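[1] I would like to see how this sequence folds:
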Amino acid sequence: MKFIHLADLHLGKSVAAFPMLEEQRSLLFGQVLPAAQELEPDGVLIAGDVFDRANPSAEALALFDDFLVALNRLPKRPEVFVISGNHDGAERIAYGARILGQSGLHMSPVYDGDIRPVVMHDDYGPLDVYMLPFVRTSTVKDRFPDEEIASENDAVAAAVRHMGIDPARRTVCLAHQFVSGATVSGAEETAVGGLDCVSAEVFDGIDYVALGHIHRPQQITPAIRYAGSPLKYSFAEVGHKKSLTVVDIRGKGDVSISERPLMPVHDWFDLRGTFRELASEDFRARHPEYAQGYLRITLTDENDIIDGFKSLRAVYPLMMELHYDNARTRALGIGPDATTGLKTDEDFVRQLFGKQNGREMEDREIQFIKKILECDQSN
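    This next block holds a predicted model:
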C-alpha cells in the first residue's frame with residue numbers, strides 16, 4: 001500500500017501582507033498533483049491545518065475543492081484522508097463527511113470519542129486508517145469523564161486507546177499534535193495550540209503515524225513522521241528543505257519512507273549588510289534569485305537610511321522585513337537576535353514587558369495576558 005503524506009497546507013495564508021494563495025495553487029497543481037499521477041498512491045494523507053484559519057476565505061475553499069477534484073480525476077484515483085488541525089474549523093472539515101466518504105474522500109468528523117477506521121485492502125490483506133483530528137484536553141475529558149485525563153499526553157493517549165486498534169493488523173493513523181522530540185521552527189503554535197509534550201509511546205503498535213503541526217519535515221521514530229509544510233511560511237524556515245513524504249507499507253511492520261523534494265516558487269532569504277552593498281547593481285547581478293525571493297534584510301549601517309524600506313522594496317519587490325543591527329539597536333536590546341529562543345506569544349510579551357518596565361511580570365499580570373492570548377486563539 002502506497003501513501004503520499006502531506007500536512008500544514010495553510011491555504012489562504014498571508015505573510016507580511018503577501019497573500020500565499022497563488023503560490024499554494026502553483027505548488028499543488030505544478031508539483032504535488034504531477035507527483036501523485038506519477039507515483040499512483042493508494043491514498044493521500046493530509047494531516048491537518050488544511051486552512052490557515054477556522055473561517056477560510058472563499059478563495060481558499062475553492063482552491064482546496066479544485067485540488068480534491070483533481071485528485072479524484074487522476075487515472076488511478078487515490079483514497080484521500082483529511083483531518084482538522086488547530087488552525088482549521090473542525091466542523092467545516094467534517095461537513096459532508098459521511099456522504100463524501102462513499103466517493104473516496106474521507107474527512108475527519110468532529111471528535112466524539114468514537115473513531116472508526118477506514119479499511120483498505122491490497123495483496124497483504126486489510127489495512128486500517130484512523131483519523132484523529134486535533135483535540136484539546138477538555139474535549140477528550142468531556143467524552144470520558146470517568147478517566148483521569150489531566151494533561152495533553154493523557155488526552156491523546158485516551159483518544160488512541162479508545163480507537164480499539166488491533167495490534168495484529170496493519171494500521172495508519174493521521175494526527176495533528178506536538179510529539180516530544182520534534183524540532184520546531186518557531187512558526188508553529190506549540191504552547192497556545194494546546195497539545196504539548198505528547199509521548200511517542202502513545203502511538204506504539206501503529207505501523208505509520210502521519211503527523212501534522214510541525215513545519216520542518218522530520219522522523220520522530222521509524223513509524224512516526226512529520227511531513228512538514230509544503231511551503232515556507234516564516235523566516236524561521238529559511239533553511240528548511242520542503243518535501244512530500246512517500247510511504248510504502250507491505251506486511252505488518254514492513255514500512256519504507258522516502259521524500260520527494262518540493263521546490264518553492266519564491267524562496268525565502270535572510271540578507272545582512274550595508275544599504276550600499278545590498279542595493280548595488282553588482283550585488284544584485286551576482287544574486288538574481290533575491291529579486292524574486294521573500295527577504296528579511298538586516299542593515300548594519302550605524303545610521304538609519306532615510307526611506308530605506310521604500311528604496312530596497314523598489315529593487316527587491318518581495319521584501320517582507322527590514323531591521324537594523326548597529327550600536328544603537330544593540331544598546332536597546334532590539335537586535336535581530338532579540339527574540340531568539342522565544343517559543344510562545346506569552347514569552348514575547350513577558351520579555352517586552354521586562355524591557356519596558358525593568359521588572360518581571362507579576363502573577364496577576366501573567367494571568368491577564370494568558371486570558372487575552374486564549375481569547376485571541378479562539379477567534
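[2] can you list the weak-confidence ranges in the stretch 51-200 of the chain?
    The stretch 51-200 of the chain contains residues with pLDDT under 70 at 185-196.
[3] Now do the strands for it: every range, in order, please.
    In the stretch 51-200 of the chain, the strands defined using DSSP state E, counting those that start in this stretch lie at 79-83, 105-107, 118-122, 125-131, 170-176.
[4] Glu289: how many residues sit nearby?
    A total of 9 residues lie near Glu289 under the criterion other CB atoms under 10 Å. No exception for glycine: its C-beta is placed from N, CA and C like everyone else's.
[5] Next one: the spatially closest residue to it that is not a sequence neighbour relative to Met20, how far apart?
    By the measure of CB to CB, 6 or more residues apart in numbering, the closest residue to Glu289 outside its immediate chain neighbours is Asp267, 6.7 Å from it. Distance check for Asp267 against Met20: by CB to CB, to the nearest Å, it reads 13 Å.
[6] The two: who's more crowded?
    Met20 (23 against 15).
[7] Next, the contact list for that one, please.
    Counting by CB atoms under 8 Å, 6 or more residues apart in numbering, Met20 makes contact with His10, Gly12, Lys13, Ser14, Leu231, Tyr233.
[8] In contact with the nearest residue to the first one once chain neighbours are set aside, which residues are there?
    Leaving out its chain neighbours, the residue that sits closest to His10 by CB to CB, 6+ apart is Asp52, at 4.3 Å. Shown here is Asp52, whose contacts under the criterion CB under 8 Å, 6+ apart are His10, Leu11, Gly12, Lys13, Ala60, His87.
[9] farthest pair in those residues?
    Within those, Ala60 and His87 form the most distant pair, 11.2 Å apart (CB to CB).
[10] hey, what's in contact with both of those two?
    In contact with both Ala60 and His87: Phe51, Asp52, using CB under 8 Å, 6+ apart.
[11] ok, now which ones touch the residue located most distally from the centre of the chain?
    Farthest-out residue of the chain from its mean C-alpha position, per CA atoms, centre = their mean: Asn303, at 38.3 Å. By CB under 8 Å, 6+ apart, Asn303 lies in contact with nothing.
[12] ditto for Asp88
    Gly48, Asp49, Val50, Phe51, Ala54, Phe134.
[13] The spatially closest residue to the second one that is not a sequence neighbour: how many residues sit nearby?
    By the measure of CB to CB, 6+ apart, the closest residue to Asp49 outside its immediate chain neighbours is Gly85, 3.5 Å from it. Around Gly85 sit 26 other residues, with neighbours defined as other CB under 10 Å.
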